[in-house]
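1. got a sequence here, can you model it:
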Amino acid sequence: MDKSADNEAKKGRIIIVDDEESILMLLTEFLRGNGYEVDPYIDSKDALSALKTGSYQILITDLSMPKIDGLQLISYIQKEYLNTLGIVITGYGTMESAITAMRCGAFDYILKPFKLEDILSTIESAIYYYKLLKSENIKKELSSKASLMRRFSQSRLLLENALLKDCLKQKYSFNNIIGVSLGMQKVFELIEKVADTNATTLITGESGVGKELVAKAIHYNSSRKDNPIVVVNCGAIPENLLESELFGYEKGAFTGAYNTKHGKFEVADKGTIFLDEIGDMSLSLQVKLLRVLQEKTFERIGGSKTIKVDIRFIAATNRDLEKMVKEGQFREDLYYRLNVVPIHIPPLRERKQDIPLLISYFLEQSNRINDARVEGFDDSAMEVLMAYEYPGNVRELNNIVERVVVIKKKGVITIEDLPEKLWTLKEREQQIDIQRGYETLVTEFEKAIIMKALKETKGVKSKAASILNINRTTLIEKMKRLKME
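-> Numbering: from 1, shown residues only. Purely as a prediction, here's the structure:
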């Protein structure tokens with residue numbers, strides 16, 4: 001294979017800049033082993049010259065370096081409008097610098113000590129984003145929507161996410177499911193692959209991540225889309241009523257059964273049935289469901305006639321069904337019948353790259369519904385929204401945006417407009433920093449990660465140093481300084 005053909009086979013071209021040779025070589029070997037073409041530079045001045053060629057998709061740079069630091073490299077690719085996305089690696093206690101890097105236009109930042117899997121995941125997301133930015137159709141859309149650039153802060157990532165929202169609807173969304181993160185791209189790929197089949201699908205994820213939206217996306221992108229999708233929340237219906245809801249009943253089957261009732265299975269014939277919170281279904285009812293899954297036949301309660309149906313089954317749960325199987329709370333045979341194609345939706349805290357795009361979508365939606373004219377969020381409000389953990393996931397973010405739109409009505413959202421629990425949390429964190437002091441917090445953090453490394457390596461310092469990507473002598477010096485010996 002010649003060199004040009006070999007380059008085409010690579011996933012992308014990356015330039016790495018780090019003045020610590022061990023980290024530089026580690027990242028270079030790891031990324032080359034994962035199919036990327038990598039140019040490593042220990043001297044940031046040389047790296048700047050290489051960047052001027054404009055031939056890199058990704059820049060990975062340490063933040064603190066002599067001569068030219070990471071922020072200057074990030075600023076350069078912004079200033080020169082290079083088609084290169086910057087990822088910053090930063091050391092202990094420099095979260096503030098990482099946020100500054102994002103404002104300067106970095107695609108993302110990674111804290112040391114890092115996991116190689118996290119590096120790879122971030123790069124894969126950046127490559128997706130890079131390919132999107134290279135699309136000619138999207139370039140035209142961006143140029144026609146410059147007025148939207150006032151909506152968010154001067155961070156390139158946040159701006160582009162807001163501007164790209166309309167373009168992403170086709171490529172990066174299914175029926176109002178939105179995301180540019182790698183986790184959501186995998187979800188979209190599975191939806192595309194499984195939609196126009198009859199395969200039973202099990203959707204997992206925390207409450208509020210959008211499991212029902214994924215189920216509907218599968219249905220409406222299938223050949224069954226002209227027939228009904230019937231949604232049954234197994235956790236919201238009492239056990240004694242759920243059976244009759246699903247199977248229906250004959251007239252006179254029990255006291256109060258004055259007429260024959262068609263169950264959800266019959267209603268869903270030729271379409272899809274979505275069994276939400278399947279983990280809440282009783283064991284006795286699981287046995288009866290298993291037969292419907294296997295045979296596609298059933299009888300109404302009190303009836304003897306076998307009814308045959310053509311149904312596509314989709315189930316969802318926020319519970320760990322494998323664990324429930326081991327504990328005898330869920331039938332193993334039913335679990336394997338349901339788990340033909342598993343789709344896991346990651347929580348919002350694990351895909352924060354999607355937050356600006358979701359905010360833009362919810363903002364437009366809320367403005368329209370509530371006849372409001374809110375323009376966007378200022379820097380401080382956006383910083384708080386990006387830092388929040390969202391225990392309620394996408395549903396909670398949607399509620400937050402709608403709440404501030406309803407109250408604000410017009411103008412720009414500031415930190416004071418956000419729900420009190422968000423900005424008071426930030427104030428409490430800042431107060432902790434003031435009270436305990438920066439050095440104290442950094443020292444505690446260093447101690448914690450060293451202790452963890454030593455625990456994992458059973459006290460072998462050379463192995464602990466290797467995990468932390470530092471020399472053994474450096475580790476010993478740190479332990480002495482921290483009075484850990």
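
2. chain neighbours aside, what residue packs nearest to the spatially most central residue of the chain?
-> Closest to where the C-alpha atoms of the chain average out (C-alpha atoms, centre = their mean) is Arg351, at 2.7 Å. Taking C-beta to C-beta, 6 or more residues apart in numbering as the measure, Arg351 lies nearest to Ser181, with 3.7 Å between them; neighbours along the chain are not counted. Every C-beta, even on glycine, is put in place using the N, C-alpha and C of the backbone.

3. Pro356 is in contact with that neighbour, correct?
-> No - the pair Ser181 / Pro356 is not scored as a contact, 11.3 Å apart, by C-beta atoms under 8 Å.

4. ok, and what's touching stretch 268-275?
-> The contact list for stretch 268-275, computed with C-beta atoms under 8 Å, 6 or more residues apart in numbering, reads 212, 215-216, 218-219, 222, 224, 227-232, 234, 264-265, 281, 289, 309-316.

5. I misspoke; the intended subject was stretch 341-354.
-> So stretch 341-354 is contacted by 108, 125, 157, 161, 178-181, 183-184, 187, 190-191, 194, 199-206, 209-211, 214, 355, 386, 389-390, 393-394, 396-397 (C-beta under 8 Å, 6+ apart).

6. in ChimeraX, how would I select the buried members of those residues?
-> A single ChimeraX command selects the buried members of these (16 or more other C-beta atoms under 10 Å):
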select :108,125,157,161,178,179,180,181,183,184,187,190,191,194,200,201,202,203,204,205,206,209,210,211,214,355,386,390,393,394,396,397
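
7. I'd like to know which of the contacts of stretch 341-354 are part of strands.
-> For these, the ones inside strands are 108, 178, 201-204, with DSSP state E as the criterion.

8. ends of stretch 334-346, how far apart?
-> Distances were taken as C-alpha to C-alpha, to the nearest Å; on that basis the terminal residues of stretch 334-346 are 24 Å apart.

9. give the buried residues for it.
-> Judged by neighbour count (16+ other C-beta under 10 Å), stretch 334-346 contains these buried residues: 334-335, 337-338, 341, 343, 345-346.

10. mind putting those residues into JSON lines with secondary structure?
-> Formatted as JSON lines, the entries for the buried residues of stretch 334-346 read as follows, by DSSP: H, G, I helix; E, B strand; the rest coil:
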{"residue": "Leu334", "secondary structure": "helix"}
{"residue": "Tyr335", "secondary structure": "helix"}
{"residue": "Arg337", "secondary structure": "helix"}
{"residue": "Leu338", "secondary structure": "helix"}
{"residue": "Val341", "secondary structure": "strand"}
{"residue": "Ile343", "secondary structure": "strand"}
{"residue": "Ile345", "secondary structure": "coil"}
{"residue": "Pro346", "secondary structure": "coil"}
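
11. closest one of these to Glu29?
-> Nearest to Glu29, judged by C-beta to C-beta, of those is Pro346 at 28.3 Å.

12. what about that closest one, distance to Ile467?
-> Note on Pro346: its distance to Ile467, by C-beta to C-beta, to the nearest Å, is 26 Å.

13. again with Ile278
-> For Ile278, the distance to Ile467 - C-beta to C-beta - is 40 Å.

14. more neighbours: the two, which one.
-> When Ile278 is set against Ile467 and neighbours are counted by other C-beta atoms under 10 Å, the residue ahead is Ile278, at 25 against 16.

15. what sits closest to the more buried one if chain neighbours are left out?
-> Excluding the flanking residues, the one nearest Ile278 by C-beta to C-beta, 6+ apart is Ala315, at 4.2 Å.

16. for stretch 394-405, buried residues please.
-> Buried positions in stretch 394-405, judged by neighbour count with 16+ other C-beta under 10 Å: 394, 396-398, 400-402, 404-405.

17. actually stretch 455-469, not the one I typed
-> Of the residues in stretch 455-469, those scored as buried under the neighbour-count criterion (16+ other C-beta under 10 Å) are 457, 461, 464-468.

18. what is the nearest of those residues to Glu299?
-> The shortest distance between Glu299 and any of the buried residues of stretch 455-469, using C-beta to C-beta, involves Ile467 and amounts to 60.4 Å.

19. wait, isn't that closest one in contact with Lys455?
-> No - counting by C-beta under 8 Å, Ile467 sits too far from Lys455 to count as a contact (10.6 Å).

20. name the residues contacting each of those two.
-> With C-beta under 8 Å, 6+ apart as the test, Ile467 and Lys455 reach no residue in common.

21. just the element for Val231, please.
-> Secondary structure assigned from DSSP states H and E places Val231 in strand 229-233.

22. pass me the low-pLDDT residue ranges in this protein, would you?
-> Low-confidence regions of the chain, defined here as pLDDT under 70, cover residues 1-10, 81, 91-100, 102-103, 132-176, 423-441, 485.

23. domain parsing for it?
-> Per the record, the chain has its domains at 3-134, 182-345, 437-481, by automatic domain parsing.

24. can you put those in CSV and add distance to Asn367?
-> Formatted as CSV, the domains of the chain follow (distance: least, C-beta to C-beta, whole Å):
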stretch, distance to Asn367
domain 3-134, 25
domain 182-345, 21
domain 437-481, 40
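
25. Glu375: which of these is closest?
-> Closest approach to Glu375 among these (C-beta to C-beta): domain 3-134, 19.3 Å.

26. assumed Ser49 was part of a helix.
-> Yes - if the criterion is three-state DSSP, then Ser49 is within a helix.

27. surely Glu446 and Lys478 touch.
-> Yes - the pair Glu446 and Lys478 passes the contact test of C-beta under 8 Å, sitting 6.7 Å apart.

28. tell me how far the residue nearest to Ile273 when sequence neighbours are not counted lies from Glu327.
-> Computed as C-beta to C-beta, 6+ apart, the closest residue to Ile273 that is not its neighbour in sequence is Val230, at 4.9 Å. If you measure Val230 against Glu327 using C-beta to C-beta, the figure is 30 Å.

29. neighbour count winner among those two?
-> Applying other C-beta under 10 Å to Val230 and Glu327 shows that Val230 carries more neighbours, namely 20 against 9.

30. got the contact list for the more buried one?
-> By C-beta under 8 Å, 6+ apart, the residues touching Val230 are 264, 267-268, 271-274.

31. report the two of those residues separated the most.
-> Considering C-beta to C-beta, no two members of the contacts of Val230 lie farther apart than Val267 and Phe274, which are separated by 12.2 Å.

32. between the two, which one's more packed in?
-> When Val267 and Phe274 are compared on other C-beta under 10 Å, the one with more neighbours turns out to be Phe274, at 26 against 14.

33. what's the residue lying closest to the more buried one once chain neighbours are set aside in contact with, if anything?
-> In space, and not counting its chain neighbours, Phe274 is closest to Ala215: 4.4 Å by C-beta to C-beta, 6+ apart. Taking C-beta under 8 Å, 6+ apart as the definition of contact, the neighbours of Ala215 are 201, 203, 229, 231, 272, 274, 276, 314, 316.

34. please redo it, this time with the cut-off set to 7 Å
-> 203, 274, 314, 316 (C-beta atoms under 7 Å, 6 or more residues apart in numbering).

35. what of Leu285?
-> Listed by C-beta under 7 Å, 6+ apart, the contact partners of Leu285 are 239, 242-243.

36. from Arg395, how far out is Glu212?
-> From Glu212 over to Arg395 the distance is 10 Å, taken as C-beta to C-beta.
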